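# just a sequence and a predicted model for now, questions to come.
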Amino acid sequence: MGDEHAVNLTKSRGFFKKFTAGLKETFFPDDPFRQFQEQRSAGRKFLKYLQYFVPMCEWLPKYSLSLFFADLLAGLTITSVAIPQGISYAKLASIPPIIGLYTAFVPPIVYSIFGSSRHVAVGPIASCSLIIYDNISKVLNPDDDIVLYVRLVFTAAFVTGVFQTALGLLRLGILVDFFSHSTITGFMTGTAIILIFAQLKGLLGLKHFTTKNNVQSVIQAIIKYRSEIRWQPIVLGLVLLVFLQSTKFVRKKRPKLFWVPALGPIVAIVVSAVFTALIKGEDHGIVTVGHLDKGINPLSIHLFNFDPRYFSAVAKAGLVTGILSLAEGIAIGRSFAVIDNTPHDGNKEMIAFGLMNLLGSFTSCYLTSGPFSKTAVNYNAGCKTAMSNLVQAALMALTLLFLAPLFGYTPLVALSVIIMSAMLSLLDYHEFIHLFKVDKFDFVICITGTIGVSFISMDVGLFFSVILALLRALLYVARPATCKLGRLSDSGLYRDVEQYPNSSKVHGVLIVQLGSPLYYANSNYIKERILRYIRGEQASGDIIEHLILDLSGVTSIDMTGIKGLLEIRRVLEKNNIQVLIVNPRMEVVEKLVASHFVGKVGKESFYLSLDDAVMATQYSLQKARKSDEASFDTTDT
């Protein structure tokens, strides 16, 4: 075999080059600055930089009237969702409803400038609203001092904004990837369950309730305060719930009528408010939101509170909601981008979410993200660009200036029912069945998160779910995939003998493919696995004389892994089994050369392809047979 077809064991990159290459692959896998280097003029480079960091500068010059009409319709539609959601989710966080409306004004403007997705519609999300209340209420009950409580909520939004912006600038989106699909599904399902139970207070017309967020506490509170239950809000709530669920049924049967469930919440609010006013609902136990002031967002930067007595709870709320809102918002934006084949950049989304929470905290807003419900409505309404968020902001400004007091007549039971209806759509048992069929471990992660969040607490449920997901990742590292290879006749290909039972083994040769990095955590396992393969082959009557290790799937190796390879070779050589190595990657080769592994085993042990290695073993076996025959003839003579 000529040198031009041999494994390159001489080329080695310097430390700085390897270090920078590793950093680039970790933090800049999308190679975002390549487009700038291609530009020769300073003006074009500046324009590219501006378009990269401010995505609006890329799509706005190409904007047309036809695109605006599409975005105008989408903006009108998501505004009809934003008003009831803003009031309802503010209620979940135990903050004044007007703050929920403020949150639908400033953040959408910021996102339309810096967001990379064309479909994400900005607004608060139910799960994070509940987390904010769950954490901050542990150090300050909102009923005791609502003014201080609101200041702490703004401070939590500020912490979230700083945290998310820092993640985006440092390109640490990899942290969000630790929230697996099964973890998020379990958490969202558990959150939906406790949100549905928590809304029973409004549906039953209770004045007293539990401050704990778990199913058993809610049931105990209902039993304890059952004397407060009123039938009037129950009847009104059930009628509204049937109406909202019916609108979803209509959309399911006729997808083109997507606007029906989108308008459902605002219709429910208007109708219930008029009905309550006509029958004087306050006299019948139907409590309303109360007075809402006119006017757009006042500044709140001077209201931040970093008092050490509260800051640990505020920081925890800000960081947890920051990660969860990123995980949900980026995943949702990515999903719709794939469907529509449009641009989406996770790190830009982090910066956009961070800036809108940062600037939102300065202007009386609490946490915002890209909720699935609004984004789905925005997409189905035919949005073309982020301009739909600007339309929402403009309409919300008009609402705040002229219509806000009217929403003060909204019955609390209507808000409870809107939340219940939204959460019912998250209870997807089909997803649990699918996870059980496809991957039992994913199912366990998902069900652990659901049960933990529902019956213990949101923090505990999320913690155990993430721990199980990380444990699974560690198991993948500690117990990597290995397989024996056989040759598929007439194809020249080598494949897993279990997957392809018709593949033929090479007599006297065991081919093993390693499919993961070789680390301290799995080195001993791989060694034992290889020895078990050999014992199995020999037990079946095949005498193994050569072991071929296919390292094409080994992306990296550490010193423990190198020592493990040497141990395997030493053990096998004592048993007259030669070890051959096929196609190690550049990073692996560099470490094998630097550690003098290549010098110890010899360059002749390395081969570029499995065919080369197998041919070498056959040549070696033929040579050994001839030598044995010659030795036998001499003895016989």
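Looks like it came in fine. Nothing here was measured: the structure is a model prediction, and the numbers come from that model.
# show me the domain layout of this structure.
66-474, 480-627 (automatic domain parsing).
# now the shortest one: average pLDDT?
Average pLDDT, domain 480-627: 86.
# cool, and the first one?
For domain 66-474, the mean pLDDT works out to 87.
# quick one: end-to-end distance for that domain.
End-to-end distance for domain 66-474, by C-alpha to C-alpha, to the nearest Å: 52 Å.
# from now on call the first residue 8
Let's use 8 as the start, then, which means that last one is domain 73-481.
# for the longest helix belonging to the chain, buried residues please.
Secondary structure of the chain per DSSP state H: the longest helix is helix 315-347. Within helix 315-347, the residues that count as buried by 16 or more other C-beta atoms under 10 Å are 317-318, 320-344. (Glycine included, C-beta is placed from N, CA and C.)
# could you do stretch 477-489 as well?
479, 487, 489.
# show me where the stretch 458-607 of the chain has its strands.
489-495, 500-503, 516-521, 553-557, 585-589 (DSSP state E, counting those that start in this stretch).
# thinking again about what came up before, what's the following helix or strand after the longest helix of the chain?
Next helix or strand after helix 315-347 toward the C-terminus (DSSP states H and E): helix 353-369.
# would you put the C-alpha positions of that next one in CSV?
C-alpha atoms of helix 353-369 as CSV (Å, rounded to 0.1, in the frame of the first residue of the first chain):
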residue,chain,number,x,y,z
GLY,A,353,-30.9,30.5,18.3
ASN,A,354,-28.2,32.9,19.5
LYS,A,355,-29.9,35.9,17.9
GLU,A,356,-33.2,34.7,19.6
MET,A,357,-31.4,34.7,22.9
ILE,A,358,-30.2,38.3,22.5
ALA,A,359,-33.7,39.4,21.2
PHE,A,360,-35.5,37.7,24.2
GLY,A,361,-32.9,39.2,26.6
LEU,A,362,-33.2,42.7,25.2
MET,A,363,-37.0,42.6,25.2
ASN,A,364,-37.0,41.5,28.9
LEU,A,365,-34.4,44.0,29.8
LEU,A,366,-36.1,46.9,28.2
GLY,A,367,-39.5,45.5,29.3
SER,A,368,-38.3,45.6,32.9
PHE,A,369,-37.5,49.3,32.4
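# now residue 584: how far from residue 552?
For residue 584, the distance to residue 552 equals 6 Å [C-beta to C-beta, to the nearest Å].
# could you do residue 50 as well?
With C-beta to C-beta as the criterion, residue 50 and residue 552 are 68 Å apart.
# excluding its backbone neighbours, what's nearest the residue most central in space within the chain?
Closest to where the C-alpha atoms of the chain average out (C-alpha atoms, centre = their mean) is residue 334, at 4.0 Å. Of all residues not flanking residue 334 in the chain, residue 186 sits nearest, at 4.4 Å (C-beta to C-beta, 6 or more residues apart in numbering).
# shouldn't that neighbour be in contact with residue 337?
No: between residue 186 and residue 337 there is no contact under C-beta atoms under 8 Å: 10.1 Å.
# relative to residue 167, how far out is residue 337?
15 Å.
# tally of neighbours for residue 60?
The burial count assigned to residue 60 is 11, neighbours taken as other C-beta atoms under 10 Å.
# still on that earlier bit, contacts only, for the residue nearest to residue 334.
By C-beta atoms under 8 Å, 6 or more residues apart in numbering, the contact set of residue 186 is 330, 331, 334, 473, 476.
# next one: it from residue 473, what distance?
Taking C-beta to C-beta, one finds residue 186 at 7 Å from residue 473.
# that older thread, who has more neighbours, residue 50 and residue 552?
residue 552 (18 against 8).
# pretty sure the more buried one contacts residue 585?
Yes: Residue 552 lies in contact with residue 585 (C-beta under 8 Å); the separation is 6.9 Å.
# find the residues that touch each one of these two.
Common neighbours of residue 552 and residue 585 (C-beta under 8 Å, 6+ apart) are residue 624.
# now do the helices in the stretch 158-307 of the chain.
188-205, 207-211, 222-231, 238-260, 266-286 (DSSP state H, counting those that start in this stretch).
# so which of these gets nearest residue 74?
helix 266-286 (19.3 Å; C-beta to C-beta).
# tell me what the closest one is packed against?
helix 72-99, helix 238-260, helix 419-431 (3 or more C-beta pairs under 8 Å, 6 or more residues apart in numbering; DSSP states H and E).
# mind checking how far that helix is from the chain centre?
35 Å (C-alpha atoms, centre = their mean, to the nearest Å).
# export it to PDB, keeping only CA atoms.
Provided in PDB are the C-alpha atoms of helix 266-286 (Å, rounded to 0.1, in the frame of the first residue of the first chain):
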ATOM      1  CA  TRP A 266     -59.300  32.700  13.400                       C
ATOM      2  CA  VAL A 267     -62.300  31.200  15.300                       C
ATOM      3  CA  PRO A 268     -60.300  29.900  18.300                       C
ATOM      4  CA  ALA A 269     -58.000  33.000  18.100                       C
ATOM      5  CA  LEU A 270     -61.000  35.300  18.600                       C
ATOM      6  CA  GLY A 271     -62.600  33.000  21.200                       C
ATOM      7  CA  PRO A 272     -60.900  34.500  24.300                       C
ATOM      8  CA  ILE A 273     -61.700  38.100  23.400                       C
ATOM      9  CA  VAL A 274     -65.300  37.200  22.600                       C
ATOM     10  CA  ALA A 275     -65.600  35.400  25.900                       C
ATOM     11  CA  ILE A 276     -64.300  38.500  27.800                       C
ATOM     12  CA  VAL A 277     -66.600  40.900  26.000                       C
ATOM     13  CA  VAL A 278     -69.700  38.800  26.300                       C
ATOM     14  CA  SER A 279     -69.100  37.800  29.900                       C
ATOM     15  CA  ALA A 280     -68.300  41.400  30.900                       C
ATOM     16  CA  VAL A 281     -71.600  42.700  29.300                       C
ATOM     17  CA  PHE A 282     -73.600  39.800  30.900                       C
ATOM     18  CA  THR A 283     -72.100  40.500  34.300                       C
ATOM     19  CA  ALA A 284     -72.800  44.200  34.000                       C
ATOM     20  CA  LEU A 285     -76.400  43.500  33.000                       C
ATOM     21  CA  ILE A 286     -77.200  41.100  35.900                       C
END
